[in-house]
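Undergrad: no sequence on this one, just coordinates:
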């Protein structure tokens, strides 16, 4: 029985600031205290994004807060974390980022049945402030049109 993991936390900026092209799920390489800090909800997506370093995809600028029972430095709170993807997924994503100018951002965090942390990633085009306003205006007009057609 393969059930989908429940979403633990979501990044609301992604829905407003990006036009989604593709969505996928990846594992994330964490230290023990980081997993415990995520479970206690001391993390922030902030302005996090994904970037390729040496053929691997890393999550950059995601802040995982200090876990009170771990001895850590401030440098480790925003360190880059490797995302666990298959080689074919990496080769599919690489040209999207380099040639088409798309961005990969984390959309949500969830826990698998085995208790592992999973990151839902969105590949999309950044709309900017003006683009997101236009998109919300377009959605509002579509809703009004559907109301008139009923």
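TA: Good, I have the coordinates. From a predicted model like this one, the values you see are computed outputs, not experimental measurements.
Undergrad: What is the longest helix of this structure by residue count?
TA: helix 128-149 (DSSP state H).
Undergrad: what comes into contact with that helix?
TA: 16, 17, 19, 127 (CB atoms under 8 Å, 6 or more residues apart in numbering). The C-beta positions use only the backbone N, C-alpha and C, and glycine is treated the same way.
Undergrad: Can you report how many residues neighbour the second one?
TA: Neighbours of residue 17 under the rule other CB atoms under 10 Å: 19.
Undergrad: how close does it sit to residue 44?
TA: 16 Å (CB to CB, to the nearest Å).
Undergrad: now the third one
TA: Residue 19 is 24 Å from residue 44, where distance means CB to CB.
Undergrad: Who has more neighbours out of these two?
TA: residue 44 (16 against 13).
Undergrad: all helices for the protein, in order.
TA: Going by DSSP H, the chain shows helices at 12-17, 32-39, 87-98, 128-149.
Undergrad: distance between the third one and the chain's centre?
TA: Put simply, helix 87-98 sits 16 Å off its chain's centre (CA atoms, centre = their mean, to the nearest Å).
Undergrad: Does that helix pack against any helices or strands, and if so which?
TA: strand 18-28, strand 49-53, strand 56-60, strand 103-111, strand 117-126 (3 or more CB pairs under 8 Å, 6 or more residues apart in numbering; DSSP states H and E).
Undergrad: Kindly reformat the ones you listed as TSV containing distance to residue 97 and mean pLDDT.
TA: Shown next, in TSV, are the helices and strands packed on helix 87-98 (distance: least, CB to CB, whole Å; pLDDT from 0 to 100):
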stretch	distance to residue 97	mean pLDDT
strand 18-28	11	88
strand 49-53	7	91
strand 56-60	9	92
strand 103-111	6	89
strand 117-126	8	89
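Undergrad: Dump the ones you listed to JSON lines, plus distance to residue 92.
TA: Converted to JSON lines, the helices and strands packed on helix 87-98 look like this (distance: least, CB to CB, whole Å):
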{"stretch": "strand 18-28", "distance to residue 92": "9"}
{"stretch": "strand 49-53", "distance to residue 92": "12"}
{"stretch": "strand 56-60", "distance to residue 92": "11"}
{"stretch": "strand 103-111", "distance to residue 92": "12"}
{"stretch": "strand 117-126", "distance to residue 92": "10"}
